[in-house]
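*Asks:* Just need the structure, nothing else, for what follows:
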Amino acid sequence: MKENFNTAGVNNKVTNLLALSSTDLHLQKQMLYTDFALWVREHFNLEQEQLEQLDNMPQNFRNQLGTAIANCLDAGYPVQFLKEEKEEDIDWKELSIQGLEEWQEPFITRQFRSPLFIAIRYKKNP
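*Replies:* A predicted model of the protein is given here:
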């Protein structure tokens, strides 16, 4: 089932992923490692503008994002996600990701890692 691409929808998807059997979670992680954009398309209801933004992301960035999310889930940690509601006439959009570099490597030891936090914010100039 596709989720809405908002805070509640993404958090619901993450909760459902973490509840999967290890075999089913492995399949989802492989798709994230292999084709992040396809995985997003198959799991979320996206508007045309969001599809275009996904397509326009640099491939290296998509690979990093898919890897970080898969590794975080593999470690049993939820991906933290926030997407502000988009108002009319926004001036700019900000995507911030904390932990992207840190989650490029698999979680092998019990060392502390900061959570993977993805935020999409919209701003309007005063």
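*Asks:* Other residues contacting the helix or strand bottoming out on mean pLDDT in the chain?
*Replies:* When each helix and strand of the chain is scored by mean pLDDT, DSSP states H and E, strand 92-98 comes last, with a mean of 89. Strand 92-98 has contacts (Cβ atoms under 8 Å, 6 or more residues apart in numbering) with L65, A68, S114, P115, L116, F117, I118, A119, I120, R121, Y122, K123. All C-beta spots, glycine's among them, are computed from the backbone N, C-alpha and C.
*Asks:* What residues does the nearest residue to the third one once chain neighbours are set aside make contact with?
*Replies:* What that stands for is S114. Excluding the flanking residues, the one nearest S114 by Cβ to Cβ, 6 or more residues apart in numbering is G99, at 5.0 Å. For G99, the contacting residues are A68, C72, R113, S114, P115, L116, F117, taking Cβ under 8 Å, 6+ apart as the criterion.
*Asks:* Does A70 touch H26 like I think?
*Replies:* No. Proximity of A70 to H26 does not meet the contact threshold set by Cβ atoms under 8 Å, at 9.7 Å.
*Asks:* These two: who's more crowded?
*Replies:* Neighbour totals were compared for A70 and H26, and A70 leads with 25 against 13 (other Cβ atoms under 10 Å).
*Asks:* From A37, how far off is that one?
*Replies:* A70 sits 14 Å away from A37 when distances are taken as Cβ to Cβ, to the nearest Å.
*Asks:* center of this protein - which residue?
*Replies:* I69 (6.1 Å; Cα atoms, centre = their mean).
*Asks:* Looks like that residue contacts Q104 (just checking).
*Replies:* No. No contact is recorded between I69 and Q104 when judged using Cβ under 8 Å, the distance being 11.1 Å.
*Asks:* what bits of this protein have low per-residue confidence?
*Replies:* Applying pLDDT under 70 to the predicted model, the residue ranges of the chain that meet it are 108-112, 125-126.
*Asks:* Would you state the strands of it in chain order?
*Replies:* Remark: strands of the chain, listed N- to C-terminal, are 3-4, 44-45, 80-83, 92-98, 117-123; assignment by DSSP state E.
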